[in-house]
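In: Everything below, folded, please.
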Amino acid sequence: MTEGPGTATAPTADYSDYYDFYDETGSVCADESTTAFSGLLFPVLYSTVFTLGLLGNALVLWVLIRHRHRSSLTDVCLLNIAVSDLLCLASLPVWAHSAVDEWVFGSFVCHTVTGLFTTGLYGRVFFMVLMTLDRYVIIVYKHSICSRKWPAKIALVLFVWMLSLFVSLPDIVFAKVKESSKASCGSEFPEGAAWMSFTYLNVLSLILPLIITSFCFCRILSAQSEENHSIVRLLLAVPAVYFFFWTPYNIVTFLVFLQTKGYMLSCEWFNGLALAMQWVKAIALIHCCLNPIIYTCVGQKFRRAVLTVLPSCFSQYITSSPQSPESGSSECSSTLIA
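Out: As a prediction, this is how the structure comes out:
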C-alpha cells in the first residue's frame with residue numbers, strides 16, 4: 001500500500017502520490033498550487049540552508065576538534081550534533097534537484113539520502129538528550145555520566161550512533177522510488193507497518209526528549225550556581241530552538257498519518273495538509289544551520305575561538321579579550337562553547 005508523502009521523515013518535496021487522492025464522495029483532490037509552491041521554495045531553501053549549515057557546522061567541528069584534549073562530554077555531544085546536522089545537510093542537494101525535476105538518482109541514492117537524513121535527525125535528538133542528562137548529573141549531583149577518559153566517551157558516542165541508525169532502519173529499508181505523475185523518493189511501508197515510522201518520529205524525536213529535557217531543566221534551574229549560568233543558557237537554547245522548529249513538522253506528519261488511516265478524507269483536509277507539510281518541512285530544515293548561530297550568540301568561548309580564524313583586523317580585539325574562562329575549571333564542569 002502506498003502511503004502519503006508524510007510517511008517518510010526524509011524531506012521529500014514531491015506530493016505526486018497525493019494527486020490520485022479521492023475524497024469520501026469519490027472526487028479527485030488536486031491542488032496545482034502545492035507543486036508550484038514546492039518547485040519555487042525548496043530549491044532556494046535547500047541551497048541557502050546547505051551553504052550556511054555547511055560553513056557554520058564545519059566551524060563548530062574545527063573549534064571542538066582543535067581543543068579536543070580539553071573536551072567534556074557536553075563538548076563531545078555538541079561535536080556530534082554538528083556531525084548530525086552535516087548528515088542532514090548532505091542530503092539537501094539531492095532533495096533540491098528533485099524539487100525542481102523528478103527523481104533521477106535511482107533506488108540506491110534514495111535509500112542513502114533517506115538514511116543520511118533520518119540518522120542525522122535521531123542522532124541530533126539523542127545527543128541533545130545525552131548532553132542535557134550529563135549536565136543534570138553534574139549540576140545536581142556533582143558527578144558526570146561517564147569518566148574523563150576518552151574510551152568511555154567513544155563507547156557512549158558509538159552506542160548513540162548505533163541507536164540512531166537502528167531507529168532509522170524502517171525508513172531506510174522501505175525507501176523506494178515511487179513512480180507516479182512525477183517520480184519521487186519516499187518511504188513506502190507494508191500494510192500495517194507505517195505506524196513504526198510515526199511512532200519513532202513522534203515519541204523518540206519529540207515526546208520523550210521533551211519530557212526528559214523539561215524534567216532535567218526544572219532540576220537544573222533550581223540547583224544551578226552562578227558559575228554554571230552560561231552553560232545553562234546554552235543548554236536551554238539548543239533544545240528550545242529544536243522543539244520550536246520541529247514540533248510543527250511532527251504534528252502535521254501525525255495528521256497525515258491519520259489521513260492514510262481513513263480520517264479527514266475531505267479535499268479541504270487533503271489540500272490543507274499537503275500545503276502545511278511543505279511549510280513545516282521548510283521550517284524544520286532551517287534548523288540544520290541554526291546551532292552554530294546559537295553557539296555564537298550564547299557561547300563566549302566559541303565567539304573568541306571563531307575570532308581567531310577571522311581576518312587580522314580583529315587581532316587587536318582578540319589580544320585584548322579576557323583569558324578563556326575554562327582555565328582552572330574542571331573538565332567535567334566546563335565546556336569549550338559556553
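In: Tell me if I'm right that Leu210 and Phe243 touch.
Out: Yes. In this structure, Leu210 is within contact of Phe243 by C-beta atoms under 8 Å, at 6.2 Å. (Glycine included, C-beta is placed from N, CA and C.)
In: Neighbour count for those two, which is higher?
Out: Phe243 (18 against 15; other C-beta atoms under 10 Å).
In: so which helix or strand takes in the more buried one?
Out: Per DSSP states H and E, Phe243 falls inside helix 229-260.
In: low pLDDT regions in the stretch 151-300 of the chain?
Out: 181, 192-194, 196-197, 224-228 (pLDDT under 70).
In: And the strands in it, which stretches?
Out: 175-178, 184-187 (DSSP state E, counting those that start in this stretch).
In: Which strands or helices does the last one pack on?
Out: Based on contacts counted as 3 or more C-beta pairs under 8 Å, 6 or more residues apart in numbering; DSSP states H and E, the elements that strand 184-187 packs against are helix 106-141, strand 175-178.
In: One more: the first one?
Out: On a contact count with 3+ C-beta pairs under 8 Å, 6+ apart, strand 175-178 meets helix 106-141, strand 184-187.
In: Could you pull out the buried residues of stretch 205-223?
Out: Buried residues in stretch 205-223, counted by 16 or more other C-beta atoms under 10 Å: 205-206, 209, 212-213, 216-217, 220.
In: got it, and stretch 49-68?
Out: Those would be 49-50, 52-54, 56-57, 59-61, 63-64, for stretch 49-68 by 16+ other C-beta under 10 Å.
In: Report the distance from it to the chain centre.
Out: Relative to its chain's centre, stretch 49-68 lies at 15 Å (C-alpha atoms, centre = their mean, to the nearest Å).
In: With just CA atoms, put that stretch into CSV.
Out: C-alpha atoms of stretch 49-68 as CSV (Å, rounded to 0.1, in the frame of the first residue of the first chain):
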residue,chain,number,x,y,z
VAL,A,49,20.4,26.1,4.4
PHE,A,50,23.1,23.9,2.9
THR,A,51,25.5,26.7,2.4
LEU,A,52,25.0,28.3,5.8
GLY,A,53,24.8,25.0,7.6
LEU,A,54,28.0,23.6,6.0
LEU,A,55,30.0,26.7,6.9
GLY,A,56,28.7,27.0,10.4
ASN,A,57,28.9,23.4,11.4
ALA,A,58,32.3,23.0,9.9
LEU,A,59,33.4,25.9,12.1
VAL,A,60,32.0,24.2,15.1
LEU,A,61,33.8,21.0,14.3
TRP,A,62,37.1,22.9,13.8
VAL,A,63,36.8,24.6,17.2
LEU,A,64,35.9,21.4,19.1
ILE,A,65,38.4,19.2,17.4
ARG,A,66,41.2,21.7,17.8
HIS,A,67,40.7,21.7,21.6
ARG,A,68,39.6,18.1,21.9
